[in-house]
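The sequence isn't on hand, but the structure is:
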């Protein structure tokens, strides 16, 4: 079984009792559909009020089954989609931010949003598709009881229908997958554009960006048209097969009626059983939903293929927070515990990610107090290392959650004053606390200060702070005993650090005090726009 089909099967199981209820309702509904022609046939033959009443009762029960089926389909689909989203998101968080290098953020949003919803409908699609076999099989059996010749006629038609449905499912799954990928491409481009909205507005390139975002729109249209053509093709085949079967059954039934082997009611029931048994229209709809669910499941399974970051079983011994890059190509350095080191030049963000173990080096090891970061338990790593970025994503319901719950850390980050001015202070909901870029940075810094008890990694985390606040943060850092690794493009920040790691193309070009490195024109060019991160 493909990973996508295994995931879809598990989603069906996670839909709760809905799948079982749907199956029961489908079976009962199929039985009622099979009973209706017989009951109507008896009503025609006998003109009995009892049989007419039975026919009415069957119709009412069919309507009730349909209503319950719709409700349980929505309930089960929502439960399955929620489980898929939770599993995929948990896996993504475990795999780390490196996932976005393979799958763009907008694509991930589409997979966890729209695709999870489509895959969550698998239970309804599978039950509906399988349930359609019951009326066909039942119709065939009942036709055998009425007249074997009629059953043989229907059996020949069902073989042709099976080939039509098999081809439709295969083609639709491929097309639906392409359609979903094209949708994700547009979403990825849109997320990129939204992230750079200010730059786009300043440059006056909104029209060009709109065209760029919608580049994949013709591809979406092409896949949509292909889906319509596949449905239309199967619909045309249905329009040919079903009436042809009815004509053949009527011809055979008329011959048997003339021979006195059938009654008029039995002939009517036989024609209805043919329509039920050859129900190609409902089958196309159910298989279309199943195709979309399988394609969506494949996209989610691709996310789950990303290997989660493994953690070890060791904890840190007592130590000052010495950070060592050992046998990492171009980055063999050791940062003494308790020191403050600025990192500048190209490749500085990668250096910070390695130091905080957001990424692992392909070769070599990064050690904290002599222990490889990859061998630490998750809790030990999270407790020891704090990480802040230029554009933090605030986590939690309230401002207190976003700062890690430490007012001392908020004071050190220069965030306490503006937090206390909020309507509910630290308990203000994040959704009700509009903030500038600098204020968001302060909350991100506060969270890093609250979490890392040995090592603070600041990836340009003070770039949006005003001069006074940055000076306040620098003062707090200078009084702090933890090891500080600060990615920066400001000469003033580098000057306040104990030492500076100067990177060029991801390799250490210099490791000394700022004033010593300043004599090198290449180093000065880093702060004059000559190099980028």
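Good, I have the coordinates. The structure presented is a predicted model; accordingly, all values stated were derived computationally and were not measured.

quick one: the strands in the stretch 251-400 of the chain?
Using DSSP state E, counting those that start in this stretch, the strands of the stretch 251-400 of the chain run over residues 323-326, 334-335, 340-345, 365-368, 371-372, 385-389.

weakest of those strands by average pLDDT?
Note on the strands of the stretch 251-400 of the chain: lowest mean pLDDT is at strand 385-389, with a mean of 90.

and that strand, how far from the chain's centre?
26 Å (C-alpha atoms, centre = their mean, to the nearest Å).

before we move on, the earlier item: let's have the strands of the stretch 251-400 of the chain in CSV, adding mean neighbour count and distance to residue 135.
Where you see a C-beta, it was placed from the backbone N, CA and C, and this is true even at glycine. Listed next are the strands of the stretch 251-400 of the chain as CSV, based on neighbours: other C-beta atoms under 10 Å; distance: least, C-beta to C-beta, whole Å:
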stretch, mean neighbour count, distance to residue 135
strand 323-326, 20, 68
strand 334-335, 18, 72
strand 340-345, 25, 69
strand 365-368, 20, 63
strand 371-372, 18, 63
strand 385-389, 25, 59
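
okay, those in CSV with distance to residue 290 next?
Converted to CSV, these look like this (distance: least, C-beta to C-beta, whole Å):
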stretch, distance to residue 290
strand 323-326, 51
strand 334-335, 56
strand 340-345, 52
strand 365-368, 47
strand 371-372, 47
strand 385-389, 42
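
Which one, of those, ends up nearest to residue 504?
Closest approach to residue 504 among the strands of the stretch 251-400 of the chain (C-beta to C-beta): strand 340-345, 5.5 Å.

So what touches the closest one?
With C-beta atoms under 8 Å, 6 or more residues apart in numbering as the test, strand 340-345 has contacts from 335, 351-352, 477-478, 483-489, 493-494, 496-504, 509, 514, 523, 526-527, 531, 533.

rerun that using 7 Å as the cut-off
335, 351-352, 477, 484-489, 493-494, 497-504, 509, 526, 531 (C-beta atoms under 7 Å, 6 or more residues apart in numbering).

Got a quick PyMOL command for the buried subset of the residues you listed?
Here is the PyMOL command that selects the buried residues among those (16 or more other C-beta atoms under 10 Å):
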select buried, resi 335+351+352+477+484+485+486+487+488+489+493+494+497+499+500+501+502+503+504+509+526+531
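
Which of the contacts of strand 340-345 fall in strands?
335, 484, 485, 486, 487, 499, 500, 501, 502, 503, 504, 509 (DSSP state E).

Which two among those residues are spaced furthest apart?
Pairwise over the ones in strands among the contacts of strand 340-345, using C-beta to C-beta, the maximum falls at 484 and 504, 22.2 Å.

Do I have it right that residue 469 meets residue 412?
No. Using C-beta atoms under 7 Å as the test, residue 469 is too far from residue 412 to be in contact (11.3 Å).

Of the strands of the stretch 251-400 of the chain, which is nearest residue 201?
strand 385-389 (23.4 Å).

In its sheet, which strands sit next to the closest one, and in what direction?
Sheet pairing for strand 385-389, assigned by DSSP bridges, gives strand 455-459 (parallel).

what does the partner strand contact?
By C-beta under 7 Å, 6+ apart, strand 455-459 touches 321, 323, 349, 352, 355-356, 368, 384-390, 448, 482-487.

from the middle of its chain, how far away would it be?
30 Å.

how far off strand 340-345 does that strand point, in degrees?
If you take axes from the mean of the first three to the mean of the last three C-alpha atoms, to 10 degrees, strand 455-459 sits at 30 degrees to strand 340-345.

Please shift the residue numbers so they start at 448 in all later answers.
Okay, residue one is now 448; in that scheme the one you just asked about reads as strand 902-906.

which of the residues in strand 902-906 are buried?
902, 903, 904, 905, 906.

Also stretch 502-512?
So for stretch 502-512, counting by 16+ other C-beta under 10 Å, buried means 502, 505, 508, 509, 512.

Which one of the residues you listed is nearest to residue 811?
For these, the nearest to residue 811 is residue 512 (64.4 Å; C-beta to C-beta).

That closest one and residue 474 touch, don't they?
No. With contact defined as C-beta under 7 Å, residue 512 does not reach residue 474; the gap is 9.6 Å.

can you put the buried residues of strand 902-906 in CSV and add distance to residue 636 and pLDDT?
Conversion of the buried residues of strand 902-906 to CSV gives the following (distance: C-beta to C-beta, whole Å; pLDDT from 0 to 100):
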residue, distance to residue 636, pLDDT
902, 37, 94
903, 35, 92
904, 31, 93
905, 31, 91
906, 26, 90
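
all strands for the stretch 498-647 of the chain, in order.
For the stretch 498-647 of the chain, no strands are identified by DSSP E, counting those that start in this stretch.

Please, where are all the helices along the stretch 498-647 of the chain?
552-557, 563-567, 569-578, 580-593, 595-642, 644-650 (DSSP state H, counting those that start in this stretch).

from the ones you listed, which stretch is densest packed?
Most buried of the helices of the stretch 498-647 of the chain by mean neighbour count (mean count of other C-beta atoms under 10 Å) is helix 563-567; its value is a mean of 25.

Quick one: list the elements packing against it.
When contacts are defined as 3 or more C-beta pairs under 7 Å, 6 or more residues apart in numbering; DSSP states H and E, helix 563-567 packs onto helix 450-461, helix 496-542, helix 727-751.

And the contacts of the least confident helix or strand in the chain by mean pLDDT?
Sorting the helices and strands of the chain by mean pLDDT, DSSP states H and E puts helix 711-724 at the bottom, at a mean of 72. Helix 711-724 is contacted from outside by 480-481, 484-485, 488-489, 491-492, 582-583, 586-587, 589-590, 593, 597, 601, 605, 689, 692-693, 696-697, 700, 704, using C-beta under 7 Å, 6+ apart.

what's residue 817 sitting at in phi/psi?
Backbone torsions of residue 817, given as degrees, to the nearest 10, read phi 80, psi 0.

circling back to that earlier point, nearest to residue 558 among the strands of the stretch 698-847 of the chain would be which one?
The nearest among the strands of the stretch 698-847 of the chain, by C-beta to C-beta, is strand 832-836 at 23.9 Å.

ok and that closest one relative to strand 930-934, angle-wise?
20 degrees.

Just put the ones in strands among the contacts of strand 787-792 in CSV and tack on distance to residue 788.
Below are these laid out as CSV (distance: C-beta to C-beta, whole Å):
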residue, distance to residue 788
782, 5
931, 7
932, 6
933, 7
934, 10
946, 5
947, 7
948, 6
949, 11
950, 12
951, 17
956, 15
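
quick one: which of the residues you listed is nearest residue 912?
residue 933 (12.5 Å).

Next one: the nearest residue to that closest one once chain neighbours are set aside from residue 931, what distance?
The spatial neighbour of residue 933 that comes closest, neighbours along the chain excluded (C-beta to C-beta, 6 or more residues apart in numbering), is residue 905 at 4.6 Å. Per C-beta to C-beta, to the nearest Å, residue 905 is found 7 Å from residue 931.

Equivalent analysis for residue 455, please.
According to C-beta to C-beta, residue 455 and residue 931 sit 48 Å apart.

Any stretches of the stretch 698-847 of the chain with poor pLDDT?
Across the stretch 698-847 of the chain, the ranges flagged by pLDDT under 70 are 723-730.
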